[in-house]
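A.B. asks: could you work out the structure for the sequence below:
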Amino acid sequence: MISIVVSTNRQEATSEKVALYYQILLKAQNADSQLINLIDLPTDFIFTALYNNAGKNERFNLIQQAIIDTEKFVFIVPEYNGSFPGVLKAFIDGLPYPSPFKDKKIALVGLSSGIQGGALALSHLSDIFAYLNANVLGTRVKLMQIEKNLVDGKITNDFYNQLLNDQVKKLVAF
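C.D. replies: Purely as a prediction, here's the structure:
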C-alpha cells in the first residue's frame, strides 16, 4: 500500500486534486494506495497530540498509525512562502521518535502557482527526510503554474504527465 499525503490542511486544496489524480496513475500500475489528508488532522493537534500529550488524541493517533503502517509514500507538497506548509512540519514533528519514516521510501511532487514548481519546498522537505533516514526517490516532480495545467481534476500538460508516470513507475519498483 502506498500512502499519498496531501501536505496541507487548506480547504479545497489543489494538492488534494493532484493527489486524487496521482492515485489514478498508481491504480493504472496495479498499485494500491490510500490518501492521508492533513485536513483530517484535529484542529488543535499541536496542543492535544504532541510532546507531553503524545498518544492522547485518538484522531491524530489514527493518522499516525497510517504513517507507521505504510512502507511507501508520495507527498503532494504545495509551495507556501518559499517552502512547504507549516502544518506538514508540525505533523512530522508530532510523530513518534525514532521516526516512522526511517528506511521507508518516499516520492515527492511539488506544486506552485509560480514558475518553480515547489522546488524550494521539496529541497527543504528532502533535507528533513534525509535527517530522518528515509529513502527519497531521486525523481522529484515539480509542477509549476498548476492552475493552468489542472483541469477538472486532470493534469493536461503532456510533459507533466510524462514526469508523473515516470515517477509512479519508479516508486512502484522502488
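A.B. asks: please enumerate the strands of this protein.
C.D. replies: Along the chain, counting by DSSP state E, strands occupy 2-6, 33-37, 72-78, 105-111, 135-136, 141-143, 150-151, 154-155.
A.B. asks: which one of those lies closest to residue 119?
C.D. replies: Among the strands of the chain, strand 141-143 comes nearest to residue 119, with 5.4 Å by CB to CB. In this view, the C-beta of every residue, glycine as well, is placed from N, C-alpha and C.
A.B. asks: note down every partner strand of the closest one and its orientation.
C.D. replies: Strand pairing for strand 141-143, determined by DSSP bridges: strand 105-111 (parallel).
A.B. asks: what's the spacing between the residue of the chain most remote from its centre and residue 64?
C.D. replies: The C-alpha centroid of the chain is most remote from residue 52, which lies 26.1 Å away (CA atoms, centre = their mean). Using CB to CB, to the nearest Å, one gets 16 Å for the distance from residue 52 to residue 64.
A.B. asks: spatially central residue for this structure, please.
C.D. replies: In the chain, the residue lying closest to the centroid (CA atoms, centre = their mean) is residue 75, at 1.7 Å.
A.B. asks: contacting residues around the residue lying closest to residue 40 once chain neighbours are set aside?
C.D. replies: Leaving aside its chain neighbours, residue 40 sits nearest to residue 63 (6.4 Å; criterion: CB to CB, 6 or more residues apart in numbering). Taking CB atoms under 8 Å, 6 or more residues apart in numbering as the criterion, residue 63 is in contact with 36, 40-41, 91.
A.B. asks: let me know the closest of those residues to residue 137.
C.D. replies: residue 36 (17.7 Å).
A.B. asks: and the closest one, what does it touch?
C.D. replies: By CB under 8 Å, 6+ apart, the residues touching residue 36 are 3-6, 63, 66-67.
A.B. asks: dump the strands of the chain to CSV, plus mean pLDDT and distance to residue 24.
C.D. replies: Output for the strands of the chain, formatted as CSV (pLDDT from 0 to 100; distance: least, CB to CB, whole Å):
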stretch, mean pLDDT, distance to residue 24
strand 2-6, 98, 11
strand 33-37, 98, 10
strand 72-78, 98, 13
strand 105-111, 98, 14
strand 135-136, 98, 23
strand 141-143, 98, 15
strand 150-151, 96, 13
strand 154-155, 96, 9
